[in-house]
Structures are given as structure tokens and as C-alpha cells.
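# got a predicted structure here, sequence first:
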Amino acid sequence: MPKTLPRKIAVMGAGSWGTTFAKVLADTVEHHDIPVMIWARRSEAAAEINERHTNSRYLRETKLPANISASSDKAEVLAQADLVVLAIPSQSLRSELAEFKQYLETGAVLLSLMKGLERGTDLRMSEVIAEVTALPQDKVAVLSGPNLAMEIAREQPTASVVACTDPEVASWIAELCSAPYFRPYTNDDVLGVELGGIVKNIIALAVGMCDGMGYGDNTKSSVITRGLAETTRLVLSLGGRMDTLSGLSGLGDLVATCSSALSRNNTAGRLLGQGLFLEEVNDRMSQTAEGIKSARAVFDLATAHGVDMPITEAVTMVLEGNLSVENMAQRLLARDLKSEGEPQS
């Protein structure tokens, strides 16, 4: 476990959340002369970060700290980096890791910001990281919470959770991202933290669909509440903890993602609810709505473990063209009557 400050921090991914979290890190470590370097797929994005200290495609005119730089060269970004932050689309993780794992420093800790299940394997991102890199669990951490990138980029206060099986590693990372406007807590329930961040995207799609169809707050509140219930069933069945789901990476992230217009998944759901086809929604979105990619994987995982997840099932059916948005609410309301606390139908 690294007790000292890192020589360098690498952030792999120059999207809105990757760039914003790089800012959080840079603001935290600026007095220690620790460089934060972003890997940008596009060389023009790296040039803008270096020359203008902005990433206008995602964060408009937000100014980035002077100790942030960028490059499209993976080897350059990863050289001497003791903390490597992964902020790339979840379905691209395996292929990207296969390319740059050779450049990882010995003893480097990897932190996942990604919220998705890998399609085809149903693996969480920390599991993909461990499998591809052969790193032990105590070298892989995850961060999750109510983290809408644009609000954090504007330095609006928020809290989050760093999870790792090794509490000392989680604390080390938390110290490196403890900016005045960003409060990290720690947790050792990696599974619960990750799954809470994954399933909330699917629930946000459902809430967005309800919004797009013109339903009111009662409907959306009902979907959020029952969405938390089915998320909790899945997490508990796989060995996660109840207290994780009632915390920032569970309820906190769910509420933010389902209720904010800044949420990509809420936005995608709203467009579907307004009658757009999935291809049209994808064309309009400048960034990935992870719930679209992960819904089938989450439903398959739930089915394999005998967990009832009706909202996730309905969203998956809508995305795959087997259920109309208009019939989604009717399908959910037509389920058998039962006690609120009863887990199965």
C-alpha cells in the first residue's frame, strides 16, 4: 500500500467525468507539485487542454488547474503514474486495458470511475480490470456517488464514495481527491458500490421515459423507490451490504441521476419517452448513456441469480424493441398485488 504521495496521477479518458475528476485531483494536490495528466483519444482535445486549459466539448469554458496536462500518447500519460484513474466507456474497457497495461508502473493503483457491466460476461468494471491486468483486489478501487460532472466542475459541493477491499488504499485515494468542494467517504463493499452505480442508470432511463411521456412526480417517485428496492435485492443476493445501498453510492446516486436534467441516462430516457427511436437518441447524445449498454447485462445477471427486477426487465424490453414505451408503465402496474416488502412476484 502506497503511504507516500504519488509521483504522478494519470486519468485515462477526457470526457466530462474524466476531465472533471482530473480537476478535483489537481485542486487537491496542487500544493504538493503532483502532476495530473489526462489521456485524450483525440489529439486536438489534448492540445486544447494544454494550450487553453479547457475542454470545451464537455465542460464549456471551465478553467482547468495549471497542474493538469494532456496527451494522446498512452505511454507518456502512464509513465511514473502511481494512481491511474479509468474514465472510459465501460464496453471499451477490456480492449483499452489490453493496449495500455504494458505501460502501468509496478505497484500502481487503478481507480475506476466507470458504471457499467461488461456485455457478454456480466462482469463489473473492477472485475474486468483485475482479469485483464492480473492485479490483486487491493490494487483496484472504484468511485461512485451523486457525481454530476458539470456541477462538480462548477465547484458545487458534493460527496462521493471510494471503495476498495483494502481500507488503507481507499483512504489514500480519498486524501488525493479531497478538494474543498468534493468530500470522499470510504467503503470496503466494492460490489455494493459498483452495482448501485450501475443499476441506477437503468432506473434513470425508466424515470426519463416517464418524464418524456408527461407523467408527474408521483410516477417518477414510485419508479425511483421501487428501483432502489430491486437494486437492493440484487446487491444483497450477490453479497453486498444494505448500508451501502442507503448511502451515497446507492440512494444518493440514484436520486441525483433520476432527477437531474444533467443526467445522460435521464436525458436518453426522456427522448425515448417523447417518441424517438433508440438510434435517434444515440445520434443526439454526445456521450454514452451507460444504462443503454448495461441494461441487458444487469437483467441477465438478475435472472441468473433468481432476482426479480421488473423495472430493469421492462427497460431492457423497450431498448430491444420488444415493448413500447407507452406500454411500459401499464406492464409494471399490472403485476400481481403483494406486500411492499415482498421480494419476489
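The structure has been received and is ready for your questions.
# average model confidence for stretch 78-88?
For stretch 78-88, mean pLDDT is 97.
# which positions in it come out as buried?
Residues of stretch 78-88 classed as buried by neighbour count (16 or more other C-beta atoms under 10 Å): L78, A81, D82, L83, V84, V85, L86, A87, I88. All C-beta spots, glycine's among them, are computed from the backbone N, C-alpha and C.
# stretch 271-290 too?
L271, L272, G273, L276, V281, T288, A289, E290.
# would you mind measuring from M285 to L191?
29 Å (C-beta to C-beta, to the nearest Å).
# returning to that earlier point: which one of the buried residues of stretch 271-290 sits closest to A163?
The closest of the buried residues of stretch 271-290 to A163 turns out to be E290 (C-beta to C-beta; 17.8 Å).
# now the closest one: how far from T257?
Separation of E290 from T257 (C-beta to C-beta): 10 Å.
# between these two, which contacts overlap?
Common neighbours of E290 and T257, using C-beta atoms under 8 Å, 6 or more residues apart in numbering, are N201, N265.
# strands of the stretch 1-150 of the chain, residue ranges please.
9-12, 36-39, 68-71, 83-86, 109-112, 140-144 (DSSP state E, counting those that start in this stretch).
# how about TSV for these, with distance to C210 added?
Listed next are those as TSV, based on distance: least, C-beta to C-beta, whole Å:
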stretch	distance to C210
strand 9-12	35
strand 36-39	36
strand 68-71	39
strand 83-86	32
strand 109-112	30
strand 140-144	24
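# A46 is nearest to which of these?
With C-beta to C-beta as the measure, strand 68-71 is the member of the strands of the stretch 1-150 of the chain nearest A46 (3.9 Å).
# for that closest one, packing partners?
Using 3 or more C-beta pairs under 8 Å, 6 or more residues apart in numbering; DSSP states H and E, the elements in contact with strand 68-71 are helix 16-29, strand 36-39, helix 43-52.
# gap between the helix or strand harbouring E168 and the chain center?
Taking DSSP states H and E as the definition, E168 sits inside helix 167-176. Helix 167-176 sits 19 Å away from the centroid of its parent chain (C-alpha atoms, centre = their mean, to the nearest Å).
# buried residues in that helix?
Buried residues in helix 167-176, counted by 16+ other C-beta under 10 Å: V169, A170, W172, I173, A174, L176.
# just the C-alpha atoms of that helix, please, in PDB.
Extracted C-alpha coordinates of helix 167-176, given in PDB (Å, rounded to 0.1, in the frame of the first residue of the first chain):
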ATOM      1  CA  PRO A 167      -9.300   0.300   3.700                       C
ATOM      2  CA  GLU A 168      -5.900   1.900   3.600                       C
ATOM      3  CA  VAL A 169      -5.900   2.100  -0.200                       C
ATOM      4  CA  ALA A 170      -9.400   3.700  -0.100                       C
ATOM      5  CA  SER A 171      -8.200   6.200   2.400                       C
ATOM      6  CA  TRP A 172      -5.100   7.000   0.400                       C
ATOM      7  CA  ILE A 173      -7.200   7.700  -2.700                       C
ATOM      8  CA  ALA A 174      -9.700   9.700  -0.700                       C
ATOM      9  CA  GLU A 175      -7.000  12.000   0.600                       C
ATOM     10  CA  LEU A 176      -5.900  12.600  -3.000                       C
END
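# between that helix and strand 140-144, how big is the angle?
50 degrees (axes from the mean of the first three to the mean of the last three C-alpha atoms, to 10 degrees).
# in the stretch 151-300 of the chain, where is pLDDT below threshold?
Applying pLDDT under 70 to the stretch 151-300 of the chain flags no residue at all.
# try 80
The model of the stretch 151-300 of the chain has pLDDT under 80 over residues 286-288.
# do a quick rundown of the strands in it.
Using DSSP E, counting those that start in this stretch, strands in the stretch 151-300 of the chain cover 158-163, 182-187.
# just these: most buried one?
strand 158-163 (a mean of 23; mean count of other C-beta atoms under 10 Å).
# can you show me the helices along the stretch 51-200 of the chain?
56-59, 74-78, 93-100, 125-133, 149-153, 167-176, 190-212 (DSSP state H, counting those that start in this stretch).
# and those: which comes nearest L5?
Of those, nearest to L5 by C-beta to C-beta is helix 167-176, at 7.9 Å.
# ok, and what's touching the closest one?
With contact meaning C-beta under 8 Å, 6+ apart, helix 167-176 is reached by 1-3, 5-6, 9, 25, 28-29, 83, 109, 111, 138-139, 141, 143, 162-164, 184-188.
# any idea how far V281 lies from K101?
33 Å.
# out of the strands of the stretch 151-300 of the chain, which gets nearest to A40?
Among these, strand 182-187 comes nearest to A40, with 22.1 Å by C-beta to C-beta.
# adjacent strands (with direction) for the closest one?
strand 158-163 (parallel) (DSSP bridges).
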